[in-house]
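Chemist: What shape does this take:
(6 chains)
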Protein chains: 4
Amino acid sequence: MGSDSRSDGRRKRTFIEEARRAQIVSAAIGTVAEAGYAGASLSRIAQRAGISKGVISYHFSGKDELMERAVEQVYSDIAEFVLPRAAEAADERSSLRTHILAVGEYMRGHREQLLALAGIFSGTQTPEGTPRYRIRATESIYQGYSELLRAGQDRGVFRAFDTRVMAVSVQALIDGMFQYWVAYPDHDLEAHAAEVAELVDRATRADSPA
Amino acid sequence: MGSDSRSDGRRKRTFIEEARRAQIVSAAIGTVAEAGYAGASLSRIAQRAGISKGVISYHFSGKDELMERAVEQVYSDIAEFVLPRAAEAADERSSLRTHILAVGEYMRGHREQLLALAGIFSGTQTPEGTPRYRIRATESIYQGYSELLRAGQDRGVFRAFDTRVMAVSVQALIDGMFQYWVAYPDHDLEAHAAEVAELVDRATRADSPA
Amino acid sequence: MGSDSRSDGRRKRTFIEEARRAQIVSAAIGTVAEAGYAGASLSRIAQRAGISKGVISYHFSGKDELMERAVEQVYSDIAEFVLPRAAEAADERSSLRTHILAVGEYMRGHREQLLALAGIFSGTQTPEGTPRYRIRATESIYQGYSELLRAGQDRGVFRAFDTRVMAVSVQALIDGMFQYWVAYPDHDLEAHAAEVAELVDRATRADSPA
Amino acid sequence: MGSDSRSDGRRKRTFIEEARRAQIVSAAIGTVAEAGYAGASLSRIAQRAGISKGVISYHFSGKDELMERAVEQVYSDIAEFVLPRAAEAADERSSLRTHILAVGEYMRGHREQLLALAGIFSGTQTPEGTPRYRIRATESIYQGYSELLRAGQDRGVFRAFDTRVMAVSVQALIDGMFQYWVAYPDHDLEAHAAEVAELVDRATRADSPA
DNA sequence: GATGAATGAGCATTCATTCAT
DNA sequence: CATGAATGAATGCTCATTCAT
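Modeler: Sure, this is the predicted structure:
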């Protein structure tokens, strides 16, 4: 450690070390998606990555850290897909709608990643102590929505409501859509997303045309 | 078996057997709420119930059956609380709002039960194969909402929308409310429920004042 | 106990008690034949007999005694079938041959009993201490053959050989025939028995036609 | 797996892995011989080997595989002892006799191994379904004898008989000899083997001195 | 006589983790 | 950097047996 440590507590990593980590995280995502969190033992993940079990322990402090990184990975992939699309929207109403539709679109093309996300969230849930990293992850989502909603309220596009609760609700609707799609894979995700977008629009917009 | 079996496949149970089963289910709920699904080993449940591990195996075919019964227990308790209240509502709009508020109210008084429910759902989730009993449980909820929504549509109280998607969405909003409350126990559940009720009302009602 | 005890240590048994015991022994035989010794738990045996587990414990000192009685039962059934037939034989050579053929014949009609016998012998085998009752059971068979063989030797029908070893060998040939039939149920038991009878005859008879 | 697998399905094994496996198999043999199959739990075997229980699971897929390997070990040891001796025999009659005597001789020096063999055979016996590996093991013995017997018949050394039945019978006589010796450890194995060899010779040889 | 409820030891197995090489 | 060998605790479950009713 010593000279390799940084002020933020993270070691400097070589390029090939990062590549190994990415490879392992990817194998972890695939394994959780395929076998569920309970079935995703380190040896199974190692097997899928074509490496030895010890390598995982070498690169990650433990299973927890690995799963945390997997969650981060998926979240950042989603954000990378959704945010640019939402940014193009004309106003907040349109942006909110676009968010929802874009997430639905992303889901359709990345079932495995979403499955892994859900699996990890489920598997690591321990009541009276929602894992730190999970709070961190969802918190940033809530704040993104909250800011959007408040901006819309300020500009008179949205009605008055508790932005925090509304942010939680939007995310809940998206989660619910995903969960339903997991249980019923043939479900029409696009139509569902459109219906949810409409629902949210009606629930949030200023009672306009008085 | 033989002469003890019934046409519905359930054995006749003595009073004291039912009492034991109820006691064990209750211990299971408490343990899952406290330690999460992963931490709710049979021995821990037995310990909490003050009985020997074997007793659980004696009364239940396995951990799966026990957890299934726990879910059933919680669901029927919720229904017992919510349904009578919703039944008194004047019309479907009011009934829907009452549903949401009543569930919120129930949650406040039964955190442990809800925690257990969430823990069991999380812990038994296996991708590509949502457990039969879980589908059964949620399905009945979806159908309840769907019927209410359709009735409201027929009577002109609700606008046109996909009742299935809306049912899933209402349930998702409630789940989200609960999850948020789990992460932030000091959160104002009552206000949250009211906000959700308002959200749903706006999203579903016929655009009356045209 | 007291006044009910007898000099030989066995209690006097009522008629219905004997009936129960016979019923349980029969269920034990059927269960071992069907599920193997390992699969023949007391509860399974009780289930097959249509009684409660406790009844077995009430009538037998334990699983060991029950299995012992089952072995006795099968042995005495076999003897009842074989001995009269062998008794009609003209001389010892003929009697020995008849023994072998009769046992083969009995096997064909009582696969279940033999299966149970083999299962119990297998399941209760503990090296460095062949169970007492098993020694007793086989010992009486060995002695039966030994007497027959010695009588034949005395009368010049059989050649000189160690009668004990020969007795063990005859029984081994029969056991082997049975084991083979278990592994290959379509095997022709009658032909096998005839071949074994011929084998034994050649191995034992006085080298007469010098 | 992947790159470590071979066309025959067996992984390449390091020297030290083979050593551990051999050590564990040896401990398994000793434990079964001493405590019987039922008493040979993995923890007892591990204890005897002076290792942790997990090591067994690490090297073998389960108890079944371990026991299978133990059987293979004993069989190959016996074959290594018996076959060279039998190969020196002048003709088939002599070879058959030598087989029997050599097996008897081997038994005297390897009681533990034979005890284990018998224990495993007994313990894994399940009616209506003799374990695959056991059939394979005995089948190869039967075929060995069958070939020898047929060769002898072809050369006129042996009389006409069903070679399969005779092979089964020879093996049964050897098994019987062993079982008797287990029950009566002081029994004269050498004399017994000689008597069996004589028995078999008389039963099989061409009725020469016509 | 009979029952069903309860016990508790024992089982095979899985797994995250550690460590010498 | 990477490996495979080893650990040992923990899990769900089975079962013969006991005992109050």
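Chemist: What lies in contact with stretch A:192-201?
Modeler: Contacts to stretch A:192-201, defined as Cβ atoms under 8 Å, 6 or more residues apart in numbering or on different chains, come from residues A:93, A:96-97, A:100-101, A:103-105, A:170, A:173-174, A:177, A:180-181, B:161-162, B:165-166, B:168-169, B:203. (C-beta placed from N, C-alpha, C; glycine too.)
Chemist: quick check: mean pLDDT across that stretch?
Modeler: The average pLDDT for stretch A:192-201 rounds to 98.
Chemist: hey, C-alpha coordinates of that stretch in PDB?
Modeler: The C-alpha trace of stretch A:192-201 is given here as PDB (Å, rounded to 0.1, in the frame of the first residue of the first chain):
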ATOM      1  CA  HIS A 192     -46.000  -0.700 -20.700                       C
ATOM      2  CA  ALA A 193     -43.500   2.100 -20.800                       C
ATOM      3  CA  ALA A 194     -45.800   4.300 -22.900                       C
ATOM      4  CA  GLU A 195     -48.600   3.700 -20.400                       C
ATOM      5  CA  VAL A 196     -46.400   4.500 -17.500                       C
ATOM      6  CA  ALA A 197     -45.100   7.700 -19.200                       C
ATOM      7  CA  GLU A 198     -48.700   8.800 -19.700                       C
ATOM      8  CA  LEU A 199     -49.600   8.000 -16.100                       C
ATOM      9  CA  VAL A 200     -46.700  10.000 -14.800                       C
ATOM     10  CA  ASP A 201     -47.500  12.900 -17.100                       C
END
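Chemist: Can you mark which positions in it are buried?
Modeler: Neighbour-count burial for stretch A:192-201 flags A:192, A:193, A:194, A:195, A:196, A:197, A:198, A:199, A:200, A:201 (criterion: 16 or more other Cβ atoms under 10 Å in any protein chain shown).
Chemist: As CSV, the residues you listed with secondary structure would be great.
Modeler: Compiled in CSV, these are given as follows (DSSP: H, G, I helix; E, B strand; the rest coil):
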residue, secondary structure
A:192, helix
A:193, helix
A:194, helix
A:195, helix
A:196, helix
A:197, helix
A:198, helix
A:199, helix
A:200, helix
A:201, helix
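Chemist: any idea how far residue A:173 is from residue A:198?
Modeler: Distance of residue A:198 to residue A:173, given as Cβ to Cβ, to the nearest Å: 11 Å.
Chemist: swap in residue A:19?
Modeler: Taken as Cβ to Cβ, the span from residue A:19 to residue A:173 is 37 Å.
Chemist: Would you mind telling me which of the two has more residues around it?
Modeler: Ranked by neighbour count (other Cβ atoms under 10 Å in any protein chain shown), residue A:19 and residue A:173 place residue A:173 first, with 29 against 11.
Chemist: you'd agree that one is in a helix?
Modeler: Yes: under three-state DSSP, residue A:173 sits within a helix.
Chemist: Verify the contact between it and residue B:169 for me.
Modeler: Yes: assessed by Cβ atoms under 8 Å, residue A:173 is found in contact with residue B:169 at 5.5 Å.
Chemist: Distance from stretch A:193-204 to the middle of the chain?
Modeler: 20 Å (Cα atoms, centre = their mean, to the nearest Å).
Chemist: neighbouring contacts of stretch A:103-117?
Modeler: Under Cβ under 8 Å, 6+ apart, the answer for stretch A:103-117 is A:28-30, A:32-34, A:70-71, A:74-75, A:77-78, A:81-82, A:174, A:177-178, A:181-182, A:185, A:189-190, A:192-193, A:196, B:127-128.
Chemist: Which of the residues you listed are buried, as a PyMOL select command?
Modeler: Buried subset of the contacts of stretch A:103-117, written as a PyMOL selection, criterion 16+ other Cβ under 10 Å:
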select buried, (chain A and resi 28+29+30+32+33+34+70+71+74+75+78+82+174+177+178+181+182+189+192+193+196) or (chain B and resi 127)
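Chemist: Just the ones of the contacts of stretch A:103-117 in helices?
Modeler: Using DSSP state H, A:28-30, A:32-34, A:70-71, A:74-75, A:77-78, A:81-82, A:174, A:177-178, A:181-182, A:189-190, A:192-193, A:196 are the members of the contacts of stretch A:103-117 that sit in helices.
Chemist: Which residue is the nearest non-sequential neighbour of residue A:126?
Modeler: In space, residue A:126 comes closest to residue B:36 once its chain neighbours are excluded; the distance is 4.1 Å by Cβ to Cβ, 6 or more residues apart in numbering or on different chains.
Chemist: Report how many residues lie close to residue A:186.
Modeler: The burial count for residue A:186: 6, using other Cβ under 10 Å.
Chemist: Just the pLDDT for it.
Modeler: 93.
Chemist: cool, residue A:8 as well?
Modeler: 47.
Chemist: swap in the one 3 residues further on?
Modeler: Note for residue A:11: predicted pLDDT of 54.
Chemist: Could you check how far residue A:161 is from residue D:199?
Modeler: To residue D:199, residue A:161 is 99 Å away according to Cβ to Cβ.
Chemist: typo on my end, residue A:169
Modeler: To residue D:199, residue A:169 is 90 Å away according to Cβ to Cβ.
Chemist: remind me which residues of chain A are low pLDDT?
Modeler: Low-confidence segments of chain A, defined by pLDDT under 70: A:1-13, A:127-131, A:208-210.
Chemist: Now name the helix or strand holding the residue of chain A found nearest DNA strand F.
Modeler: Among the residues of chain A, residue A:54 lies closest to DNA strand F, at 2.6 Å counting by Cβ to the nearest atom of the strand. In this assignment (DSSP states H and E), residue A:54 forms part of helix A:53-59.
Chemist: For that helix, list every residue counted as buried.
Modeler: Buried residues in helix A:53-59 (16+ other Cβ under 10 Å): A:56, A:59.
Chemist: if we look at that helix, which residues are touching it?
Modeler: Here helix A:53-59 has contacts from A:17, A:20, A:21, A:24, A:42, A:43, A:45, A:46, A:49, A:66, using Cβ under 8 Å, 6+ apart.
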